[in-house]
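**Student:** can't give you the sequence, but here's the structure:
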């Protein structure tokens, strides 16, 4: 994962999500978030990005697992969230949100409504779960040789999400804090 400070030009049409409002492990425990919850991610269809305007796409799925131990990736072992989703090249780095409907059940089975839903909204709330790392491939576990035929490892349908806490760790790194402070000081001068 990488972080790059930028100030997009006024001609860019963009929105931001405050990462500190994400679905941390503590939040997931308190809100009883578990495998099966709906997730979605926004990304770019890299094979048709658009000629005059970027064409964002949305992929949907659900949380497959919150592994108790780090999962071995090509980049090393990481604590991740596994999601069941159809993923394609170009979605790495995409934000992944967990979606809550208008109603949820607490651990004791009581039904409660999601608070603070603005009037006129039909859907529930969305919380940043993390950033899509990529698909979990079947390297070394492809008995039918499908990956050999295509020249690529078999896509298992499981996406690997770097949790929002890891984003916090990176954003809170002393080097990045110093850089933000220096940029803020320059703007004040």
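**Tutor:** Looks like it arrived, so ask away. Just so you know, these numbers come straight off a predicted model, no measurement behind them.
**Student:** use CA for all of it now, contacts and neighbours both
**Tutor:** Fine.
**Student:** Give me the contacts around the top strand by length along the chain.
**Tutor:** Ranked by residue count and defined by DSSP state E, the top strand of the chain is strand 126-137. Here strand 126-137 makes contact (C-alpha atoms under 8 Å, 6 or more residues apart in numbering) with 1, 19, 21-24, 87, 91-100, 153-165, 167.
**Student:** Stretch 56-64 now?
**Tutor:** Taking C-alpha under 8 Å, 6+ apart as the rule, stretch 56-64 contacts 34-45, 49, 81-87, 158.
**Student:** Quick check: buried residues in it?
**Tutor:** Residues of stretch 56-64 classed as buried by neighbour count (16 or more other C-alpha atoms under 10 Å): 60, 61, 62, 63, 64.
**Student:** what's the weakest-modelled helix or strand in the protein?
**Tutor:** Sorting the helices and strands of the chain by mean pLDDT, DSSP states H and E puts helix 146-150 at the bottom, at a mean of 55.
**Student:** Toward the C-terminus, what is the element adjacent to that helix?
**Tutor:** Where DSSP states H and E defines the elements, the next helix or strand beyond helix 146-150 is strand 155-163.
**Student:** residues in contact with residue 28?
**Tutor:** residue 34.
**Student:** ok, 10 Å please
**Tutor:** 22, 34, 98, 129 (C-alpha atoms under 10 Å, 6 or more residues apart in numbering).
**Student:** tell me the pLDDT at the last one?
**Tutor:** Looking back up the chat, that one is residue 129. pLDDT for residue 129: 95.
**Student:** Wasn't residue 166 part of a strand?
**Tutor:** No: under DSSP: H, G, I helix; E, B strand; the rest coil, residue 166 sits outside any strand and is assigned helix.
**Student:** give the contact list for it.
**Tutor:** With C-alpha under 10 Å, 6+ apart, residue 166 has these contacts: 1, 24, 78, 79, 80, 130, 131, 172.
**Student:** same thing but 7 Å
**Tutor:** Counting by C-alpha atoms under 7 Å, 6 or more residues apart in numbering, residue 166 touches no other residue.
**Student:** still on that earlier bit, return the subset of the contacts of residue 28 lying in strands.
**Tutor:** Using DSSP E, the contacts of residue 28 in strands are 98, 129.
**Student:** separation between residue 82 and residue 178?
**Tutor:** 33 Å (C-alpha to C-alpha, to the nearest Å).
**Student:** Quickly find the element holding the most centrally placed residue in the chain.
**Tutor:** Closest residue to the average C-alpha location of the chain: residue 96 at 2.5 Å, with C-alpha atoms, centre = their mean. Using DSSP H and E, the element containing residue 96 is strand 95-99.
**Student:** quick one, which of residue 82 and residue 178 is more surrounded?
**Tutor:** residue 82 (24 against 12; other C-alpha atoms under 10 Å).
**Student:** picking up where we left off before, so what's the gap between the strand holding residue 96 and the chain middle?
**Tutor:** Here the centre of strand 95-99 is set off from its chain's centre by 5 Å, with C-alpha atoms, centre = their mean, to the nearest Å.
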